[in-house]
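*Asks:* structural data only, the sequence is not supplied:
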């Protein structure tokens, strides 16, 4: 049930009737007609922009359209009041029984309340995290992991078929550096002094790998040339790091469907095939690029390279895919990887990148556009930095320096539920301050606590009701007389419940899972307000032991709230609290 969709359909129906009656000209496009909550709740329950968006194409005054539409809508039993405001906005107040229907729908649909078929089963690939397998995940990776996982859950809830994917960067020079770093830890495990040269990874996380290498090879690799051990240690170390990364993701509650190896693109013809596809479209050529913008480089020389005409698909400059020396650029395997995604039949691709990949967005969009003939959109979401505070001081991270804060450390300190929710309390493209002390505070200022507290309070009421002998099973609650839910504070909670199906579709359409976290906080706020008013007004108390009918109606109401909180938290990846500790 999406009440906003239903009322919009009513508005469109009346606009069509106005056309039939000659009050509106034929041929108008109603796609931009919206029904949404008013900015000020005092103005009504819903508002429509119909008169404003149709006035120009209809060559009419907005007020003339709004007055006629208001009179027609007011005749519908669902609409209690239809008022024209300003130049032609139309505010609606709905009949109380309509809100009772929202509670009934939530009880009937349960966890599926708000679930949408908007996605129509379209296949979506969400690639996220994709950190280099050179060390454990840090707090910055955690944000992309939470965002990508929550987005995948949101899209699934909105009717898409979703694949969660991790691109393993195991084909570049960084894995050679990892192997050399692991070799030094292997030497250390054999009692020798490690030589951690500049550019190697110095982190202690490589100590267990060094020990494992000793157990496998003994001292047979000591003093052997790199040509003897590099390939084996590259594979061994990469697998060990990916095992650690999988454990880190599991600790955060993230499970991938696919781990796709960059190395699998080399020597298999996949890169060549992707570029041949672009070449066949006339998008590959031999040429030189202009000097890079910014500070002049006295040593820069134009070099003949193999270039992709990415400018024909929205990029700022054409991009090299093969170096003048004949080797692939970093961009070439990325093109092949996305070509493979297109070939796997996805209808939409979503890449979640760190903020430092902003310059990569246009070239990747251009590549996917060219490879799919514009049929498969690519949405790139950039996750800005997480500023972690420890003891009131910003804590810097550096994988090479070895002093970074790992994802696992943060999860162990605050728990996965807190870590995940806090990561969604800011939009992905805004910096996030993560204060290890504040996220554990039990106050209204801590959104995860505030939402969990609402869930815990509802479960507390249910336990007390059962102890009092009140039947609270779903079959009984479904029969409750919801007309007894009529106080303005109760209706305010219900109106917020009614926004849930609409919110799901908006958040899924914009690929913005943070909207779910924001909504949950707002719903919890409405519920806590109702709870607190019950301290002053006895008629608002949830347990009315002298009136079982009223009690069951009130419990049915808050169970509907619990259903939505649980559904929203499931998208965010947080377990609802049944009691607070």
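*Replies:* Sure thing, it's come through. Model, not experiment: these values are computed from the prediction.
*Asks:* okay, buried residues for the strand or helix carrying residue 568 please.
*Replies:* Per DSSP states H and E: residue 568 is located in helix 548-572. With burial defined by 16 or more other CB atoms under 10 Å, the residues of helix 548-572 counted as buried are 550-572. (C-beta placed from N, C-alpha, C; glycine too.)
*Asks:* what packs against that helix?
*Replies:* If you count contacts as 3 or more CB pairs under 8 Å, 6 or more residues apart in numbering; DSSP states H and E, helix 548-572 packs onto helix 96-109, helix 139-157, helix 447-467, helix 474-477, helix 488-498, helix 500-510, helix 514-533.
*Asks:* which parts of stretch 368-377 are buried?
*Replies:* Going by 16+ other CB under 10 Å, stretch 368-377 has these buried residues: 368, 369, 370, 371, 372, 376.
*Asks:* sorry, back to before: out of the helices and strands packed on helix 548-572, which is closest to residue 437?
*Replies:* Distance to residue 437, taken as CB to CB, is lowest for helix 447-467 among the helices and strands packed on helix 548-572, at 13.0 Å.
*Asks:* mind listing residues that contact that closest one?
*Replies:* Helix 447-467 is contacted by residues 417-418, 421-422, 425, 439, 441-444, 472, 517, 520-521, 523-525, 527-528, 531, 542-543, 551, 555, 558-559, 561-562, 565-566, 569, 574, 576-580 when judged by CB atoms under 8 Å, 6 or more residues apart in numbering.
*Asks:* can you check stretch 427-444 too?
*Replies:* With CB under 8 Å, 6+ apart as the contact definition, stretch 427-444 has outside contacts at 139, 143, 147, 352, 355, 381-390, 410, 413-414, 418-419, 422-423, 425-426, 445-446, 448-450, 453, 512, 514, 525, 528, 580.
*Asks:* just the buried ones from those?
*Replies:* The neighbour count (16+ other CB under 10 Å) marks 139, 143, 147, 352, 381-384, 386, 388, 410, 414, 418-419, 422-423, 425-426, 446, 448-450, 453, 512, 514, 525, 528 as buried among these.
*Asks:* now stretch 454-473: buried residues?
*Replies:* Applying a neighbour-count criterion of 16+ other CB under 10 Å, one finds 454, 455, 456, 457, 458, 459, 461, 462, 465, 470, 472 buried in stretch 454-473.
*Asks:* redo those as CSV? Include distance to residue 82 and pLDDT.
*Replies:* Converted to CSV, the buried residues of stretch 454-473 look like this (distance: CB to CB, whole Å; pLDDT from 0 to 100):
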residue, distance to residue 82, pLDDT
454, 34, 97
455, 37, 97
456, 40, 97
457, 37, 97
458, 35, 97
459, 40, 96
461, 37, 96
462, 39, 96
465, 40, 94
470, 40, 90
472, 38, 91
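*Asks:* where do the strands sit along the stretch 101-250 of the chain?
*Replies:* Under the criterion DSSP state E, counting those that start in this stretch, strands of the stretch 101-250 of the chain are mapped to 123-127, 161-168.
*Asks:* how about those, which one is nearest residue 220?
*Replies:* strand 161-168 (28.4 Å).
*Asks:* by contact count, what packs against that closest one?
*Replies:* Using 3+ CB pairs under 8 Å, 6+ apart, strand 161-168 sits against strand 123-127, helix 139-157, strand 258-261.
*Asks:* let me know which of these is tucked in deepest.
*Replies:* helix 139-157 (a mean of 25; mean count of other CB atoms under 10 Å).
*Asks:* I'd like the mean pLDDT over it, please.
*Replies:* For helix 139-157, the mean pLDDT works out to 96.
*Asks:* same deal with stretch 423-436?
*Replies:* Mean predicted confidence for stretch 423-436 is 93.
*Asks:* for it, measure first residue to last.
*Replies:* With CA to CA, to the nearest Å as the measure, stretch 423-436 spans 12 Å from end to end.
*Asks:* next one: residue 7 from residue 91, what distance?
*Replies:* Here residue 7 is placed at a distance of 12 Å from residue 91 (CB to CB, to the nearest Å).
*Asks:* for residue 459, same thing?
*Replies:* To residue 91, residue 459 is 37 Å away according to CB to CB.
*Asks:* and for residue 516?
*Replies:* Relative to residue 91, and taking CB to CB, residue 516 is found at 27 Å.
*Asks:* would TSV of the helices and strands packed on strand 161-168 with distance to residue 70 be doable?
*Replies:* As requested, the helices and strands packed on strand 161-168 are arranged in TSV below (distance: least, CB to CB, whole Å):
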stretch	distance to residue 70
strand 123-127	40
helix 139-157	35
strand 258-261	53
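*Asks:* out of the ones you listed, which is closest to residue 406?
*Replies:* helix 139-157 (7.5 Å).
*Asks:* pLDDT weak spots in the stretch 251-400 of the chain?
*Replies:* By pLDDT under 70, the low-scoring segments of the stretch 251-400 of the chain are 294-298, 395-400.
*Asks:* all strands of it, in order?
*Replies:* Under DSSP E, counting those that start in this stretch, the stretch 251-400 of the chain gives strands at 258-261, 284-287, 305-308, 319-322, 348-354, 378-383, 386-390, 393-394.
*Asks:* just the helices in the stretch 301-450 of the chain please.
*Replies:* Along the stretch 301-450 of the chain, the segments classed as helices by DSSP state H, counting those that start in this stretch run 331-343, 361-371, 407-414, 416-423, 447-467.
*Asks:* can you name every helix or strand that the third one contacts?
*Replies:* This means helix 407-414. Using 3+ CB pairs under 8 Å, 6+ apart: helix 407-414 touches helix 139-157, helix 226-251, helix 416-423.
*Asks:* average pLDDT across it?
*Replies:* Computed over helix 407-414, the average pLDDT equals 90.
*Asks:* can you tell me the centre-most residue of the protein?
*Replies:* residue 151 (2.9 Å; CA atoms, centre = their mean).
*Asks:* before we move on, back to that, redo the helices and strands packed on helix 548-572 as JSON lines? Include distance to residue 268.
*Replies:* Shown next, in JSON lines, are the helices and strands packed on helix 548-572 (distance: least, CB to CB, whole Å):
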{"stretch": "helix 96-109", "distance to residue 268": "47"}
{"stretch": "helix 139-157", "distance to residue 268": "27"}
{"stretch": "helix 447-467", "distance to residue 268": "45"}
{"stretch": "helix 474-477", "distance to residue 268": "54"}
{"stretch": "helix 488-498", "distance to residue 268": "52"}
{"stretch": "helix 500-510", "distance to residue 268": "35"}
{"stretch": "helix 514-533", "distance to residue 268": "39"}
